[in-house]
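A.B. asks: Give the three-dimensional model of this entry:
(4 chains)
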Number of protein chains: 2
Amino acid sequence: MVLRGHRSGGWPRVTMADVAREANVSNASVSRYLDGVVPVSEATRAAIVTAIEKTGYIRNDAARQLAKTTSDTVGLLLRDPRNPAYGAMHAELQARTAQRRLQLLTVASPLDFPEADERAGLRRLLQNRVGGMLIATGVIAPEELVPFVSAVPTVVLGRPEEHPALHAVCYDEVANGRLIADQVLALGHRDVAVVVPGRQVSVAEHLRSTVIVERLRAGGAHAVTVPTDHSVRYPADRSTSEVVKLARAGRVSAVMLPTDMRLLAFLGEAQQAGVRVPEDVSATGIDGLLPGLELLGLATVRLPVETLTRRGMDVLTDLMTAELISEHPHTAHHEAHPGDFRPGRTLQPNRS
Amino acid sequence: MVLRGHRSGGWPRVTMADVAREANVSNASVSRYLDGVVPVSEATRAAIVTAIEKTGYIRNDAARQLAKTTSDTVGLLLRDPRNPAYGAMHAELQARTAQRRLQLLTVASPLDFPEADERAGLRRLLQNRVGGMLIATGVIAPEELVPFVSAVPTVVLGRPEEHPALHAVCYDEVANGRLIADQVLALGHRDVAVVVPGRQVSVAEHLRSTVIVERLRAGGAHAVTVPTDHSVRYPADRSTSEVVKLARAGRVSAVMLPTDMRLLAFLGEAQQAGVRVPEDVSATGIDGLLPGLELLGLATVRLPVETLTRRGMDVLTDLMTAELISEHPHTAHHEAHPGDFRPGRTLQPNRS
DNA sequence: TTGTAAGCGTTATCAT
DNA sequence: ATGATAACGCTTACAA
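C.D. replies: Numbering: from 1, shown residues only, chains lettered A, B, ... in the order given. Predicted coordinates:
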């Protein structure tokens, strides 16, 4: 499909030259006025302003980007807008970029073909010559990311990243996993089911779950792992039914899931199967970002989105300006931010 | 802040000319190969492919856009990514644009300064010379939209729009309001509180609520309206406490809110105030898009996002191709899609 | 099928 | 402070 763009239909596009002619000044003056950094005389300013009003001129960003070799657009690769955890991140980043007078260009990757699409999304961002990139908890492997990173300042956001060439501001998934595992242990649970997504599903989820399992075992509990290769789409995949089955059989007194969306899925299936939470089995998630969380009484860890996005933007802009002065640190920046445990009625002392 | 972009730091940018030189062909051949529509000989194809591999070339989209006067990017103005209703829309649209080999450029407007920011967002989209625009339930007035619309094919999405110059694919808020009001009436409620947001908060919400009020009154019920000038941020604004007060005083047997997020806020405050839902008062929302909906048992109307986004993209691409052949319909296209009532335990027969 | 060259609408350099 | 004019990297007639 070939689509005609802006030039079509309506009036012929008005360019900067039109404005200049209308205002009886040079092209350059208009450009300078628009930039606002070099001062122009009051007379020309006035002429330009009215000319712009009259013509309805809007600056062509493509031409601008081509002429400047710099960009004030930040690219965001976003995993799944449907998931409130990413929605919150998107909203936060939007606000923070606006604050810094930067643009945010968002590319979302549909859940269904993550790998291929994240690569394509990355390319699209690069084609747009973004000045910096934010990778929000993608599934793409670090090695694949590295070649891109040499082209543009990039910060991996949210997902734990140890790669020496990738700057990262992430959730402290190790701390988070321990935090909630300790709560479960403290309440006397000794037989616990844990859903463990593969790392190709989500690096973060995989890490959370494995940490939880380790911690449970270190604490003397018996942890039953239930693997899954499916994304957190609600409603659920097979691992959920698996866990419900374990609960119904009384084989576990608690069920732990790496995200609140999965917890929701579990609660839904449990309800249908007649398994009561928390009477029959306790359950926990991680996120703390779902609207309605408190009403449902989800026991979870609240991720620090606000801190994450703030620090992420800090690091990225530092990087972008550092490149400006050709200062290349050879050690990538890594930082991790733990969340807070949020008690909820889905997690109760073990009564069995 | 001045930020250096792509050109900085890493290697000097490789251009199409570099690829052409490497492959011993002309610039034009490379361009044609990349476009894929005009065939090139096998020999040149092979040479180009290896040259691209070797150089790591990535096409500069700004230059491309400048040279073509058309764009295959669709701009999306999105209200609030934190709200699952918009998150769902975003995800859907992402998938649908990808399907049509179009790009989706998203600009989100933070809740706090809707009016000014939506105008700015629109400008940004236009500066990017998008080939089409999707306005997802903004708050900006139709009159303000019209001048932009003459520049680019535009479809208003989700929010009810009657303006003769604006194409719109929206939720049938009248049908939705009636649908749920009828349910409440049928269950014998005769004293009902309705939260009514101002139209400057949200055109859609305003309409939903006023329709509900009308319908209730037409059905012989007494409707208490509680106005609000605040956005649907959870937790709540004063109108929520107001409604809780009415419920506690026993002045109403049901409370109706124009969105599920508001319903959530109400449920939260009610719980804290010791008002039981549905024992003391029934409550309804509209959306049906919250994850965990069924668990909470929200009585609501499920909005048809899938249909909306599909039709929206249909209309937009029609418009974009119609402009191509200079065919200008003088009557704007309007269509509305009703949702489905979803029963939930928050809505019960009136027992008072 | 391939190459040449004239734009596309800005910004930036260098005079003035 | 302002005005020419050369990039910027690509597409697309038009020629060959």
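
A.B. asks: buried ones in stretch A:21-40?
C.D. replies: By neighbour count on 16 or more other CB atoms under 10 Å in any protein chain shown, the buried set for stretch A:21-40 is A:Glu22, A:Ala23, A:Val25, A:Ser29, A:Val30, A:Ser31, A:Arg32, A:Tyr33, A:Leu34, A:Val40. For the C-beta atoms, the positions are set from N, CA and C on the backbone; glycine is no exception.

A.B. asks: Mind checking if it is in reach of chain B?
C.D. replies: No: using CB under 8 Å from any CB of the partner chain, stretch A:21-40 stays clear of chain B, with a minimum separation of 9.0 Å.

A.B. asks: Run through the residues of the stretch 1-150 of chain A sitting next to DNA strand C.
C.D. replies: Within reach of DNA strand C by CB under 7 Å from any atom of the strand, the stretch 1-150 of chain A has these residues: A:7, A:13, A:15-17, A:27-28, A:31, A:34-35, A:57, A:59-60, A:63-64, A:66-68, A:70.

A.B. asks: Filter those down to the buried ones, PyMOL style.
C.D. replies: Applying 16+ other CB under 10 Å to those, the buried members can be selected in PyMOL as follows:
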select buried, chain A and resi 7+13+15+16+31+34+57+59+60+63+64+66+68+70
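
A.B. asks: Which pLDDT does the model give A:Gly10?
C.D. replies: At A:Gly10, the predicted lDDT confidence score is 40.

A.B. asks: who's in contact with the closest residue to A:Gln94 other than its chain neighbours?
C.D. replies: Excluding the flanking residues, the one nearest A:Gln94 by CB to CB, 6 or more residues apart in numbering or on different chains is B:Ala108, at 4.2 Å. The contact partners of B:Ala108, taken as CB atoms under 8 Å, 6 or more residues apart in numbering or on different chains, are A:His90, A:Ala91, A:Gln94, A:Leu104, A:Thr106, B:Leu78, B:Arg79, B:Asp80, B:Pro81, B:Gly121.

A.B. asks: Turn the residues you listed into CSV, including distance to B:Asn128.
C.D. replies: Shown next, in CSV, are the contacts of B:Ala108 (distance: CB to CB, whole Å):
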residue, distance to B:Asn128
A:His90, 18
A:Ala91, 21
A:Gln94, 16
A:Leu104, 12
A:Thr106, 13
B:Leu78, 15
B:Arg79, 19
B:Asp80, 21
B:Pro81, 19
B:Gly121, 11
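
A.B. asks: Make a markdown table out of the residues you listed and add secondary structure and pLDDT.
C.D. replies: Shown next, in a markdown table, are the contacts of B:Ala108 (DSSP: H, G, I helix; E, B strand; the rest coil; pLDDT from 0 to 100):
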| residue | secondary structure | pLDDT |
| --- | --- | --- |
| A:His90 | helix | 92 |
| A:Ala91 | helix | 91 |
| A:Gln94 | helix | 89 |
| A:Leu104 | strand | 87 |
| A:Thr106 | strand | 86 |
| B:Leu78 | strand | 89 |
| B:Arg79 | coil | 85 |
| B:Asp80 | coil | 84 |
| B:Pro81 | coil | 87 |
| B:Gly121 | helix | 82 |
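
A.B. asks: burial measure for A:Arg345, as a count.
C.D. replies: 12 (other CB atoms under 10 Å in any protein chain shown).

A.B. asks: Apologies, that question was intended for A:Asp80.
C.D. replies: Counted with other CB under 10 Å, the neighbours of A:Asp80 add up to 24.

A.B. asks: That one and B:Ala91 touch, don't they?
C.D. replies: Yes: with contacts counted by CB atoms under 8 Å, A:Asp80 reaches B:Ala91, the gap being 6.5 Å.

A.B. asks: per-residue confidence for A:Glu323?
C.D. replies: At A:Glu323, pLDDT is 59.

A.B. asks: The one 4 residues further on too?
C.D. replies: On the pLDDT scale, A:Glu327 is placed at 50.

A.B. asks: what do you get for the one 10 residues further on?
C.D. replies: Reported pLDDT at A:His337 in the predicted model: 96.

A.B. asks: Distance of it relative to B:Glu242?
C.D. replies: In this view, A:His337 and B:Glu242 are 38 Å apart by CB to CB, to the nearest Å.

A.B. asks: what does A:Thr307 give?
C.D. replies: On the measure of CB to CB, A:Thr307 and B:Glu242 end up 34 Å apart.

A.B. asks: can you check A:Glu161 too?
C.D. replies: Counting by CB to CB, the separation of A:Glu161 from B:Glu242 is 47 Å.

A.B. asks: Could you break chain A into its assigned domains?
C.D. replies: Chain A breaks down by automatic domain parsing into domains covering A:2-7+A:60-172+A:306-339, A:8-57, A:173-302.

A.B. asks: Can you lay out these as a markdown table showing distance to B:Pro147?
C.D. replies: Output for the domains of chain A, formatted as a markdown table (distance: least, CB to CB, whole Å):
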| stretch | distance to B:Pro147 |
| --- | --- |
| domain A:2-7+A:60-172+A:306-339 | 14 |
| domain A:8-57 | 7 |
| domain A:173-302 | 36 |
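
A.B. asks: Which one of those domains has the poorest average confidence?
C.D. replies: Averaging pLDDT over each of the domains of chain A puts domain A:2-7+A:60-172+A:306-339 lowest, since it has a mean of 81.

A.B. asks: now it: how far from the chain's centre is it?
C.D. replies: Chain-centre distance of domain A:2-7+A:60-172+A:306-339: 9 Å, with CA atoms, centre = their mean, to the nearest Å.

A.B. asks: Name the single longest helix found in chain A.
C.D. replies: Longest helix in chain A by number of residues (criterion: DSSP state H): helix A:305-324.

A.B. asks: Determine whether any part of it lies close to DNA strand C.
C.D. replies: No: judged by CB under 7 Å from any atom of the strand, helix A:305-324 stays clear of DNA strand C, getting no closer than 12.5 Å.

A.B. asks: Wait, a helix at A:Val196?
C.D. replies: No: counting by DSSP: H, G, I helix; E, B strand; the rest coil, A:Val196 is not part of a helix but strand.

A.B. asks: give me every residue that touches A:Leu296.
C.D. replies: Residues near A:Leu296 by CB under 8 Å, 6+ apart: A:Leu264, A:Leu267, A:Leu290, A:Gly344, A:Thr346, B:Gly292, B:Leu295, B:Leu296.

A.B. asks: Now do the contacts for the first one.
C.D. replies: The contact partners of A:Leu264, by CB under 8 Å, 6+ apart, come to A:Tyr234, A:Gly285, A:Leu290, A:Leu296, A:Leu298, B:Pro291, B:Gly292, B:Leu295.

A.B. asks: What is the subsequent helix or strand relative to the strand or helix carrying it?
C.D. replies: A:Leu264 belongs to helix A:260-273 when assigned by DSSP states H and E. Using DSSP H and E, the helix or strand that follows helix A:260-273 in sequence is strand A:282-284.

A.B. asks: packing partners for that next one?
C.D. replies: If you count contacts as 3 or more CB pairs under 8 Å, 6 or more residues apart in numbering or on different chains; DSSP states H and E, strand A:282-284 packs onto helix A:173-186, strand A:254-256, helix A:260-273.

A.B. asks: Residues touching the first one, excluding its own?
C.D. replies: Same thing as helix A:173-186. Residues from elsewhere that reach helix A:173-186 (CB under 8 Å, 6+ apart): A:160, A:192, A:204, A:207-212, A:214-216, A:219-221, A:254, A:256, A:282, A:284, A:286, A:299-301, A:303, A:336, A:338-339, A:341, A:343, A:347.

A.B. asks: What is the neighbour count of A:Leu102?
C.D. replies: Neighbours of A:Leu102 using other CB under 10 Å come to 22.

A.B. asks: thought it was touching A:Ser71?
C.D. replies: No: proximity of A:Leu102 to A:Ser71 does not meet the contact threshold set by CB under 8 Å, at 9.3 Å.

A.B. asks: and the gap between the residue nearest to A:Phe266 when sequence neighbours are not counted and chain B?
C.D. replies: Distances taken as CB to CB, 6+ apart place A:Thr240 nearest to A:Phe266, at 5.4 Å, with adjacent residues excluded. According to CB to the nearest CB, to the nearest Å, A:Thr240 and chain B sit 13 Å apart.

A.B. asks: Fine by me, thanks again.
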